[in-house]
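Asker: Predicted model and sequence follow; I will ask about them next.
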Amino acid sequence: MPSRREFLQRSGFGIGAVAASGILGGLGELDADEAESSPLSVRQPQFAPKAKRVIHLFMNGGPSQFDTFYRKPVLEKFHGKTVPKKFTEGLQRTQRNRAGTAFVTPFEWKRYGKSGLEISELFKHTAQHADDLCVVRSMVSEIANHSPGMFMMNCGHSTLPRPSLGSWVLYGLGTESESLPGYVVLLPQGSPTGQSRNWTSAFLPGVFQGTHIETQKEELIPNLTRDDVDPRDQRSQVALTRFLNNRHRNLRPTDGRLESRIHSMELAFRMQSSATDAFDVSSEPEDIQEMYGRTPHGRMMLTARRLAERGVRYVQTYHGNGQPWDQHSGILTAHKRNAEQTDQPIAALLTDLKRLGMLDETLVIWSGEMGRTPTIQTGQKNPEKVGRDHHVDGFTLWMAGGGVKGGFEYGATDELGFQPTENPVHVHDLHATILHLLGFDHKQLTYRYSGRDFRLTDVHGNVVHDIIA
């Protein structure tokens, strides 16, 4: 016979479940009314989108465009010589000390695909998708330092706390998955510079913040399952808690934090069945696992595809947290190592998205927070120790799928690669274009906060229509 305390506990759970009936009609499911009222329910964009989701491959530290995706043959002429001042006169103040001895990449380059895009041997696997790549070679940012550079690329502002691009996407579109976060950040062990500010929701409601997962941990999501309670009892507990939370929230209707906490609790409950499946890459066929490579980055790319496939709206992956693409010295060895870790998995991701018919509706972005100089910072007398400094006045990224032109080069920098000479693209322009591909006018996707309407691009940004298919 149960004790009085046990009887009251069970009765309380039962009453709560009745009072909140339908909250969780089954493990991992919301009923129709709940789903429609959720802040993350699917919403239609302002106009017909070309992309439905984004996978952002972030190369932490600033990869060198001159050694990867933008060959500068004229550097051969100046190799080992001091760069003429005419190339550096217009650089940002923080960049003017970048002038020095020119250094041409020693890596071999080839032209790939029908488009003939020229790509370094470092990315020979990704190069097989040359006709899918839209390479932007005239990117411009603001501050040549890591933290502000990452905040700029992720949040549209280099210093002030602002909602991240992923949060804006989730705010605008909602998520197609009821049982997984709509915005997931996959990290190798350790966090990037600036940590959670790179995936923050800032003044947007907390439900739009990114959920970060360290992929090299044995337990990817701590405390995901409970062995101490029957799922039916747990469902009753969640129902009762929701009932009490709702009553508490109704008395405080202006506190958005309560809504975020309630949503997080319920999402955690639903993730118990869905997350274990989504992150279990061992369930993939052997040939798919081999294609990605049985490496940390290979598993991360495969996980990104599985999340996108299950309705996650924005997936961001990081590479280089422990050994970033930030080579002030030893760039040849370190860039080769980093490319070896990422090239095959990235190519496999593009192949797999095409195989599943997802690439057309998935915008894949490869970028760092900046690029690097065409000149030597250290190691003038020892090629093995040569390094390049930070550079934001003209760097390179590429996009694929999601409505961008494939096999396409856009923009250019001067002969040595210091400054844009054709079609400069500021980070604000990039963000405006990404939102446009997702079906939004960046000037109209706004959120009222502290007496004014905020947007991702602030008062800047122009859509780069020339790169849109």
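Answerer: Yes, it's here.
Asker: State the distance from the residue most central in space within the chain to Gln128.
Answerer: In the chain, the residue lying closest to the centroid (Cα atoms, centre = their mean) is Gln316, at 2.6 Å. Going from Gln316 to Gln128 by Cβ to Cβ, to the nearest Å gives 24 Å. C-beta coordinates here come from the backbone N, C-alpha and C atoms, glycine included.
Asker: same deal with Tyr318?
Answerer: Distance, Tyr318 to Gln128, using Cβ to Cβ: 24 Å.
Asker: who's more crowded, those two?
Answerer: Regarding Tyr318 and Gln128, a neighbour count based on other Cβ atoms under 10 Å identifies Tyr318 as having more, with 25 against 15.
Asker: Check for me that the more buried one belongs to a helix.
Answerer: No: looking at Tyr318 with DSSP: H, G, I helix; E, B strand; the rest coil, it is strand, so not inside a helix.
Asker: Show me what it bridges to in the sheet.
Answerer: With DSSP bridges as the criterion, Tyr318 is bridged to Phe58.
Asker: thinking it is in contact with Gln195, fair?
Answerer: No: look at Tyr318 against Gln195 with Cβ atoms under 8 Å: they stay out of range, at 11.0 Å.
Asker: before we move on, the earlier item: how many other residues sit next to the closest residue to the residue nearest to the centre of the chain other than its chain neighbours?
Answerer: Leaving aside its chain neighbours, Gln316 sits nearest to His56 (4.4 Å; criterion: Cβ to Cβ, 6 or more residues apart in numbering). By the criterion of other Cβ under 10 Å, His56 has 22 neighbours.
Asker: Where does His56 fall, secondary structure wise?
Answerer: Here His56, judged by DSSP states H and E, is contained in strand 53-59.
Asker: Now that we're looking at the nearest residue to Gln444 once chain neighbours are set aside, what pLDDT does it have?
Answerer: In space, and not counting its chain neighbours, Gln444 is closest to Gln46: 6.2 Å by Cβ to Cβ, 6+ apart. In this prediction, Gln46 carries a pLDDT score of 97.
Asker: and Gln46, what is it in contact with?
Answerer: Gln46 is in contact with Gly439, Phe440, Asp441, Gln444, Leu445, counting by Cβ atoms under 8 Å, 6 or more residues apart in numbering.
Asker: From Gly210, how far out is it?
Answerer: Computed as Cβ to Cβ, the Gln46 to Gly210 distance reads 23 Å.
Asker: just Tyr112 next, same as before
Answerer: 34 Å.
Asker: Those two: which is more packed in?
Answerer: Per other Cβ under 10 Å, whichever of Tyr112 and Gly210 has more neighbours is Gly210, with 24 against 20.
Asker: Which phi and psi values does the more buried one adopt?
Answerer: phi -70, psi 150 (degrees, to the nearest 10).
Asker: Can you verify my assumption that it contacts Tyr318?
Answerer: No: shown here, Gly210 and Tyr318 do not form a contact pair, counting by Cβ under 8 Å, at 11.4 Å.
Asker: what sits in contact with each of those two?
Answerer: With Cβ under 8 Å, 6+ apart as the test, Gly210 and Tyr318 both reach Val185.
Asker: where does the stretch 101-250 of the chain dip in pLDDT?
Answerer: The stretch 101-250 of the chain contains residues with pLDDT under 70 at 190-194, 217-242, 249.
Asker: run the last query once more with 80
Answerer: 189-194, 216-250 (pLDDT under 80).
Asker: Strands along that one, start to end?
Answerer: 109-112, 117-120, 133-140, 183-187, 211-214 (DSSP state E, counting those that start in this stretch).
Asker: Tell me which residues are up against the first one.
Answerer: Where contact means Cβ under 8 Å, 6+ apart, the residues beyond strand 109-112 that reach it are Arg71, Leu117, Glu118, Ile119, Ser120, Glu121, Lys124, Ala127, Gln128, Ala130, Asp131.
Asker: May I see these arranged in CSV, with distance to Asn154 as well?
Answerer: Converted to CSV, the contacts of strand 109-112 look like this (distance: Cβ to Cβ, whole Å):
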residue, distance to Asn154
Arg71, 28
Leu117, 27
Glu118, 29
Ile119, 26
Ser120, 26
Glu121, 30
Lys124, 29
Ala127, 27
Gln128, 29
Ala130, 27
Asp131, 29
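Asker: And the buried ones among these, selectable in PyMOL?
Answerer: Applying 16 or more other Cβ atoms under 10 Å to the contacts of strand 109-112, the buried members can be selected in PyMOL as follows:
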select buried, resi 71+117+118+119+120+121+124+127+130
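Asker: which of the contacts of strand 109-112 lies closest to Gly330?
Answerer: Of all those, Gly330 sits closest to Ser120, with 17.2 Å by Cβ to Cβ.
Asker: tell me the contacts of the closest one?
Answerer: Each residue near Ser120 by Cβ under 8 Å, 6+ apart is listed here: Asp67, Thr68, Phe69, Arg71, Thr105, Phe107, Glu108, Trp109.
Asker: biggest separation within those, which pair?
Answerer: Pairwise over the contacts of Ser120, using Cβ to Cβ, the maximum falls at Phe69 and Glu108, 13.9 Å.
Asker: who has more neighbours, those two?
Answerer: Taking other Cβ under 10 Å, Phe69 and Glu108 do not tie; Phe69 has more neighbours (28 against 9).
Asker: which residues sit in contact with the nearest residue to Leu75 once chain neighbours are set aside?
Answerer: Setting aside the residues directly before and after it, Leu75 is nearest to Val104 in space (Cβ to Cβ, 6+ apart), at 4.0 Å. By Cβ under 8 Å, 6+ apart, the contact list for Val104 reads Phe66, Lys72, Leu75, Glu76, Phe78, His79.
Asker: What remains of the residues you listed if I keep only buried residues?
Answerer: By 16+ other Cβ under 10 Å, those give Phe66, Lys72, Leu75, Phe78 as buried.
Asker: Model confidence score at the first one, please.
Answerer: Okay, so that is Phe66. So Phe66 comes in at 97 (pLDDT).
Asker: Just confirm it is within a helix.
Answerer: Yes: looking at Phe66 with three-state DSSP, it is inside a helix.
Asker: Distance of it relative to Ala469?
Answerer: 28 Å.
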